[in-house]
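> Any chance you could fold what I've pasted below:
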Amino acid sequence: MCLPYTIEKLHKSVKDLALSNEKLSSMKQALKQSEKLAHMGQLSAGIAHELNNPLGVVIMYSNILLEESKPEDPVREDLKLIVDQAARCKKIVAGLLNFARKNQVNHQSVSIKDLVVHSLESVIIPPKVKINIEDQTTNPEAMLDLEQMMQVLTNLIKNAIDAMPDGGKVNIKMEDTLSDVIIVISDTGTGIKEEDRAKIFEPFFTTKSIGQGTGLGLATAYGIVKMHKGQITADSNNDTSKGPTGTSFKIVLPRRKE
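Numbers count the residues shown, from 1 in each chain. Predicted coordinates:
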């Protein structure tokens, strides 16, 4: 009479064990990723220090040229762009140093709507690529580091565009819960090979051709999201027989500083 109950209990035990193994595997992967990011941090510090000097020269002389240019000079707008983007590079380098030193992120109240808009302004969108923004938030405000999260989003958007050399669609969806804000960036590109998916957040891993990618973008994005106590995951399909190809990155960030 107790046999059905025993079988049911056994099935539950097997299911619980499978779930525990899955969680353990996920924790091992996260630990492995953290170790790699620690090594990357040391390298990032060296790169950032080397970039600081030439970047300082670019910022200084571009500001001098801007101050000396006449209001009607046609190159004035170009100089403004150089000044603005050089200043942004300076902040990114500072962000790399912060990442390397594991400094606290600069939490401030940020609307993820504004975050998406500002990130798109920093990306060149080819004519064949369509950007679609889907806002499903009830409250888009969260305590985030604006510059660091812009670095994450611009990298993901650029990657999405690069994955669609013949054009396509990038969909940016914003959602939220009481405790989190969520950003999902999806493309209709070629997708990521199954054997490469587990390595995409590893430092220096890239599927791009030599000279086209450093392999640091996604690793840095992973590190920044983790510094915000958030999660970043990827889902991809490169097999047309299994449905539409493309890649989707999902970022979940706590609404408040933990």
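
> now the strands for the stretch 151-258 of the chain?
Secondary structure of the stretch 151-258 of the chain, counting by DSSP state E, counting those that start in this stretch: strands at 168-176, 180-187, 231-237, 246-254.

> List the buried residues of the third one.
By neighbour count with 16 or more other Cβ atoms under 10 Å, strand 231-237 contains the buried residues 231, 232, 234, 236, 237. For every residue, glycine as well, the C-beta is placed using N, CA and C.

> helices or strands next to it in the packing?
Under the contact definition 3 or more Cβ pairs under 8 Å, 6 or more residues apart in numbering; DSSP states H and E, strand 231-237 sits against helix 217-227, strand 246-254.

> Summarise which helices and strands the first one is packed against.
Counting by 3+ Cβ pairs under 8 Å, 6+ apart, the packing neighbours recorded for helix 217-227 are helix 3-68, helix 76-101, helix 146-162, strand 231-237.

> Next: the last one.
Applying 3+ Cβ pairs under 8 Å, 6+ apart, one finds that strand 246-254 contacts strand 141-144, helix 146-162, strand 180-187, strand 231-237.

> Listing partners with orientation, what would you give for that strand?
strand 180-187 (antiparallel), strand 231-237 (antiparallel) (DSSP bridges).

> Reformat those strands as TSV; add mean pLDDT and distance to residue 171.
Shown next, in TSV, are the strands paired with strand 246-254 (pLDDT from 0 to 100; distance: least, Cβ to Cβ, whole Å):
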stretch	mean pLDDT	distance to residue 171
strand 180-187	97	5
strand 231-237	92	13
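
> how about those in CSV, adding distance to residue 122?
CSV is the format used below for those (distance: least, Cβ to Cβ, whole Å):
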stretch, distance to residue 122
strand 180-187, 14
strand 231-237, 19
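
> Select, out of these, the one closest to residue 81.
strand 180-187 (24.7 Å; Cβ to Cβ).

> what comes up buried for that closest one?
Neighbour counts over strand 180-187 (16+ other Cβ under 10 Å) mark 180, 181, 182, 183, 184, 185, 186, 187 as buried.

> just stretch 160-170 next, same as before
Applying 16+ other Cβ under 10 Å to stretch 160-170 flags 160, 161, 163, 164, 168, 170 as buried.

> which of these lies closest to residue 113?
Using Cβ to Cβ, the buried residues of stretch 160-170 come closest to residue 113 at residue 170, 16.4 Å.

> for the residue nearest the centre of the chain, what are its contacts?
Closest residue to the average C-alpha location of the chain: residue 152 at 3.1 Å, with Cα atoms, centre = their mean. Listed by Cβ atoms under 8 Å, 6 or more residues apart in numbering, the contact set of residue 152 reads 220, 221, 224, 225, 232, 251.
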